[in-house]
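> With the input below, show me the fold.
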Amino acid sequence: MEMPILPVHSHHCDEGGQELGFVVPESNAFDKDFRSYYTEGERKSVVEETYRKNHAYQTFESVQRMREKHLCFNKGEMGIWECAELLNDIVDESDPDLDVPQIEHLLQTAEAIRKDYPDQDWFHLTAFIHDLGKVLLHPKFGQSPQWAVVGDTFPVGCPFDKSIVHHQMFLNNPDTWDPKYNTGTGIYQEGCGFEKLFMSWGHDEYMYQVMKENKSTLPPQAYFIIHYHSFYVMHQEGAYMHFMNDLDRQMLPWLQEFNKYDLYSKSTVRTDVEKLKPYYQSLIHKYFPEKLRW
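Numbering: from 1, shown residues only. Next up is the predicted model:
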């Protein structure tokens, strides 16, 4: 498939010259700054506990075990929309910005992108499915603990960058003290490409692998977005860039564009799921088989 090129984006304006494109809000659903992990608030303790466990337990060896467990794709067969409906039961405990069911967040993100990129239907669908891997939290999928599904992702097998959220909590991770992993580039080579890295286990990795397993025809940008949208320390802080190759550099602008909508479209304004369902089902039919192995 021919790879879409990121357009120089120009927002439409109304008669008064005001931009009608996506506008970044000033605060999140709790009237706090976005991704404010250290500000006192009703979500702070829940978020911190999720990251405490995540940073202690996400080791190179534990990631290998979780890959072996979940990449057998033996959890059953299910369509994309059916999977998305399971997210009605799930709230992400690592997210300081929102506590509405996940399917609402998927549609908020997708609809914000659809307004600004009406002709890029693959981009709309990518937004709708980007967090589907969180179904690992659901009892039907084995009810994995939150620390093993949600939160920012980072490579294992190399030093933990100091700009990772709650970096101090890595003091309880045995890899922090292992010379195989904590010096230089760890087990990797500079410029090896992100695809060669073992990322901390979570919903990004799982959904990316589900797409590959089921041969989705979404373009390479969609795969890159799904795989690395929680890799904030890279696409927001510029960490781990020494591992990038030319393909990563080509993909990154799409991920950074997507991230704006993923993060800032979060709202307590509810979406009309049934009204939007036919459009997204048509996209699912275009880019995915009817039933997927999970």
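> alpha carbons only for contacts and neighbour counts from here, please
Will do.
> Tell me which helix or strand in this protein has the weakest average pLDDT.
Every helix and strand of the chain was ranked by mean pLDDT, DSSP states H and E. The lowest is helix 102-116, at a mean of 89.
> Who are the packing partners of that helix?
If you count contacts as 3 or more Cα pairs under 8 Å, 6 or more residues apart in numbering; DSSP states H and E, helix 102-116 packs onto helix 121-129, helix 246-264.
> do that again at 6 Å, thanks
Packing partners of helix 102-116 (3 or more Cα pairs under 6 Å, 6 or more residues apart in numbering; DSSP states H and E): helix 121-129.
> what is the orientation angle of the least confident helix or strand of the chain with helix 246-264?
If you take axes from the mean of the first three to the mean of the last three Cα atoms, to 10 degrees, helix 102-116 sits at 110 degrees to helix 246-264.
> List the buried residues in helix 102-116.
102-114, 116 (16 or more other Cα atoms under 10 Å).
> Stretch 281-291 too?
283-284, 286, 288-289.
> and for that stretch, what are the contacting residues?
Stretch 281-291 is contacted from outside by 77-79, 216-218, using Cα atoms under 6 Å, 6 or more residues apart in numbering.
> same thing but at 8 Å, please
When contacts are defined by Cα atoms under 8 Å, 6 or more residues apart in numbering, stretch 281-291 is touched by residues 77-81, 121-122, 125, 214-218.
> picking that back up, nearest to K196, of the buried residues of stretch 281-291?
Closest approach to K196 among these (Cα to Cα): F288, at 25.6 Å.
> Next one: the closest one from Q281, what distance?
For F288, the distance to Q281 (Cα to Cα, to the nearest Å) stands at 10 Å.
> Check V150 too.
V150 sits 25 Å away from Q281, going by Cα to Cα.
> likewise I226?
Separation of I226 from Q281 (Cα to Cα) stands at 19 Å.
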